[in-house]
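> fold the following.
(chains A and B)
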Amino acid sequence: MEGHAGFLGHILDNEVAKARIETQEGARLIEGMLIGRHFTDAPVITSRICGICPVVHNLTAIKALETALQIKVTQQTTDLRELMQYSQVIHSHALHLFFLSLPDFYGILNDLQLIKKHPKETEFTLRIRNWSTEMVKVVGGRTIHPIASEIGGFKVLPDVEDLKKLQSELPKIIQQATQLAKLFMKLKYPDFSRETEYLSLFSKEQYGIYHGRIKSNQTYAIDIEEFAGKITEIRKPYEAVKKAKLDGNSFMVGAIARLNNNHQQLQPLAKKLLQQTKIKLPTYNSFHNVLAQAIEVVHCLEASQKILDKIVDQGVQPETQQKYRVKASEGVGAVEAPRGMLFHYYRLDQDGLIRDCNVITPTAQFLYNLEDDLKIYLPDIKNMSDQERRQQIRLLIRAYDPCISCATH
Amino acid sequence: MKEQKPKIAIIGLTSCEGCEFALLDLGHDFLDFIKQVDLAEFRLLEEEFNHNTYYDLCFIEGSPITKANVELLKTARQKSKYLIALGNCAAMGGIHEIKNYHDKKKVKEYIYGKDSKVANPDIKEIDNYVKVDFTIRGCPITGLEFLQIAYNLLRENRTKLIARPVCYECQKNGLTCLLQKGEPCLGPIIQGGCNAICLKSKMPCQGCRGLFAGAQVDTLIKKLNKDFGDQRINSVLEIFGLRDEVEGHLKSII
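Prediction:
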């Protein structure tokens, strides 16, 4: 997985007494270091929270600060940011699906064996990843830790020729992603079910990735600001991760939550694939998070195609740099990171220095849910051999796709 | 007898792991690379490895923050012929070094409260703990530069860095000089090799690759301090752990 973590579980009298995920990453104290710094440093520094999903930290910081300073961006800026978001989800999912998750399903411990055994799928995965990392680079200036995106818009706009090239390659990439998704549709997912609250962004216009309010499968949608006030981060003396609860309960975010909440808004091809899985939604099987990711890769590629067609057709329009007044203010921003909702909060003083801030990552939000799943799952598999059981536990933890660098930060 | 492939380890301490992902993002080029070596340890691609082995090249990413990080680093050194700092965190301290310049106890309390027992050491470059043979610079590293250095080390047991500033590549690429446009750009004193990627996006250089040998540090810093104020410039120098390096350099020339 991304980062270091371990798992502790004990079964006593057929009941799980304990199921705890322990993170082994050091704390970098990102929020503490931002205090007193100028707000324009926030997108630069927070993107470094995570090397696999820097785009979402960068854009969430930007969105939160634009909310604080009441900055409205152009449609073109929003379109370009959505392209970055989609490609961020695509390349993170593709890596997790093929290189991290699939070996578990096949019982392989080493990716080099996987690559040897499945040259065609390896090739597809590499091409999908190349396409999406290139997209982030073309729009954001760099794949890891983007540079061009800033508060108000972009420092430099992409070259339309580069976008055209990506557009022309896309039909083939969508085909390959579809084949990869079909591979994941054929996998045998363990039987598991535990009723769970699923939370994701929701927007009327589209499958929520960059925009939206917060939707739960159990309650009505609420605004991001209201939600940020309801979520509690639990501090424990020896833990570097502040795991989150909502009204005292665990909840789930990420691909499975988005699919459960918003599947009707999937793009056509992705929707067709979902129908072919014959899975009834909502699914309470956390292993299906893997399958949801595979479907989302196709969805995000189709959604990118729509935006690309529009931008290439219209051409990239020059923009003047946004003028805005710095003032004492506060703002929350949220996007869907590959692993679920991500929140950034900032409060600024009149000089634009950060006086308060908070980052709540998806992994910190779902770790309690993973522990609750494990408590139910461990008794189910207690008669397996040690090796098999370890394999199943690994499979479940990995299905969540935890990002420990993000969770700790 | 079949020739043995060189053994490579890529090990992460505490970091964002972006430099490891920069390798995966090389795609086919990285797969070609690992076919030519014996990838003895790389947690992103393998679950279990043989720990009783030695490494010809050991790349260390991240900062030693927890005790386990420090132990891992020291053990890696014992097992390795060449140990290479991979990226800004290992080489210069990374963004988390910012806390060294502030009240780090307060920084931690802000996040975790007074009762937290979470490790909070001063952030130090890995060469404070072990001998470092080579450094691959940048936040993140440039994937192609990694390959170039790794192949040089494998074929010739050495690699050479041409001491020249980011400005060299900025000008070669015909980019606009942001310093002349009145932005605090550190390009003139920072080691090139990044192809001036930030400048291409009109982002001034914030120095993630560190000083180049022979840089006129005092001239530029004096000018920037005068134009933007010490406070702002120190704040820029802190982002990628450059402030201690610059202050050390300025002291050494007095």
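
> pick out the residue nearest the middle of chain B.
By CA atoms, centre = their mean, chain B has its centre lying nearest to residue B:88, at 2.0 Å.

> how about the helix or strand hosting residue A:57 as PDB, C-alpha atoms only?
Assigned by DSSP states H and E, residue A:57 falls within helix A:54-68. Extracted in PDB, the C-alpha atoms of helix A:54-68 (Å, rounded to 0.1, in the frame of the first residue of the first chain):
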ATOM      1  CA  PRO A  54      -0.800  15.400  -5.000                       C
ATOM      2  CA  VAL A  55      -3.300  16.900  -7.400                       C
ATOM      3  CA  VAL A  56      -6.200  16.500  -5.000                       C
ATOM      4  CA  HIS A  57      -4.300  18.200  -2.100                       C
ATOM      5  CA  ASN A  58      -3.200  21.000  -4.500                       C
ATOM      6  CA  LEU A  59      -6.700  21.600  -5.800                       C
ATOM      7  CA  THR A  60      -8.500  21.200  -2.500                       C
ATOM      8  CA  ALA A  61      -6.200  23.900  -0.900                       C
ATOM      9  CA  ILE A  62      -6.900  26.100  -3.900                       C
ATOM     10  CA  LYS A  63     -10.700  25.600  -3.700                       C
ATOM     11  CA  ALA A  64     -10.700  26.300   0.100                       C
ATOM     12  CA  LEU A  65      -8.700  29.500  -0.300                       C
ATOM     13  CA  GLU A  66     -10.900  30.600  -3.300                       C
ATOM     14  CA  THR A  67     -13.900  30.100  -1.100                       C
ATOM     15  CA  ALA A  68     -12.300  32.100   1.700                       C
END
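
> for that helix, packing partners?
Helices and strands touching helix A:54-68, by 3 or more CB pairs under 8 Å, 6 or more residues apart in numbering or on different chains; DSSP states H and E, are helix A:41-47, helix A:75-94, helix A:119-140, strand A:149-150, strand A:329-337, strand A:340-348. Just so you know, the C-beta spots here come from the backbone N, C-alpha and C atoms, and that holds for glycine as well.

> contact partners for the closest residue in space to the residue nearest to the centre of chain B that isn't next to it in sequence?
Excluding the flanking residues, the one nearest residue B:88 by CB to CB, 6 or more residues apart in numbering or on different chains is residue B:139, at 3.7 Å. Residues near residue B:139 by CB atoms under 8 Å, 6 or more residues apart in numbering or on different chains: A:48, A:145, B:18, B:87-89, B:94-95, B:208, B:240.

> now do 10 Å
Under the criterion of CB atoms under 10 Å, 6 or more residues apart in numbering or on different chains, the neighbours of residue B:139 are A:44, A:48, A:51, A:144-145, B:15-16, B:18-19, B:87-89, B:91-92, B:94-95, B:194, B:206-209, B:239-241.

> one more: residue A:30?
A:42, A:45-46, A:48-49, A:57, A:357, A:359, A:408-409, B:16, B:95-96, B:98-99, B:107, B:111.

> of these, buried ones?
The neighbour count (16 or more other CB atoms under 10 Å in any protein chain shown) marks A:42, A:45-46, A:48-49, A:57, A:357, A:359, A:408-409, B:16, B:95-96, B:98-99, B:107, B:111 as buried among those.

> ok, back up a step: between the helix holding residue A:57 and helix A:75-94, how many degrees?
150 degrees (axes from the mean of the first three to the mean of the last three CA atoms, to 10 degrees).

> quick check: angle from helix A:54-68 to strand A:340-348?
Using the same axes, to 10 degrees: helix A:54-68 against strand A:340-348 is 40 degrees.

> now helix A:54-68 against helix A:119-140, angle please.
Using the same axes, to 10 degrees, the direction of helix A:54-68 lies 30 degrees away from that of helix A:119-140.

> and helix A:54-68, average pLDDT?
The average pLDDT within helix A:54-68 is 98.

> for it, what is the distance to the chain centroid?
14 Å (CA atoms, centre = their mean, to the nearest Å).

> same question for stretch B:5-13.
Per CA atoms, centre = their mean, the centroid offset for stretch B:5-13 relative to its chain is 17 Å.

> buried ones in that stretch?
Applying 16+ other CB under 10 Å to stretch B:5-13 flags B:6-13 as buried.

> stretch A:296-315 too?
Across stretch A:296-315, burial judged by 16+ other CB under 10 Å covers A:296-305, A:307-308, A:311-312.

> can you put these in CSV and add distance to residue A:345, pLDDT and secondary structure?
Putting these into CSV (distance: CB to CB, whole Å; pLDDT from 0 to 100; DSSP: H, G, I helix; E, B strand; the rest coil) gives the following:
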residue, distance to residue A:345, pLDDT, secondary structure
A:296, 26, 98, helix
A:297, 30, 98, helix
A:298, 33, 98, helix
A:299, 29, 98, helix
A:300, 26, 98, helix
A:301, 32, 98, helix
A:302, 32, 98, helix
A:303, 28, 98, helix
A:304, 29, 98, helix
A:305, 34, 98, helix
A:307, 28, 98, helix
A:308, 33, 98, helix
A:311, 31, 98, helix
A:312, 36, 98, helix
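
> so which of those would you say is closest to chain B?
Of all the buried residues of stretch A:296-315, chain B sits closest to residue A:297, with 16.4 Å by CB to the nearest CB.

> got a list of what that closest one touches?
Applying CB under 10 Å, 6+ apart, the residues contacting residue A:297 are A:86, A:89-94, A:97, A:125, A:128, A:132, A:173-174, A:176-178, A:180-181, A:184, A:255, A:270.

> quick one on the thing from earlier: measure the residue nearest to residue B:88 to residue B:248 for me?
Separation of residue B:139 from residue B:248 (CB to CB, to the nearest Å): 20 Å.

> assign whichever residue of the stretch 301-409 of chain A sits closest to chain B to helix, strand or coil.
The nearest approach of the stretch 301-409 of chain A to chain B comes at residue A:405, 5.3 Å away (CB to the nearest CB). On the three-state scheme (DSSP: H, G, I helix; E, B strand; the rest coil), residue A:405 is labelled helix.

> count of residues packed around it?
By other CB atoms under 10 Å in any protein chain shown, 29 other residues sit near residue A:405.

> equivalent analysis for residue B:217, please.
That count, for residue B:217 with other CB under 10 Å as the rule, works out to 21.
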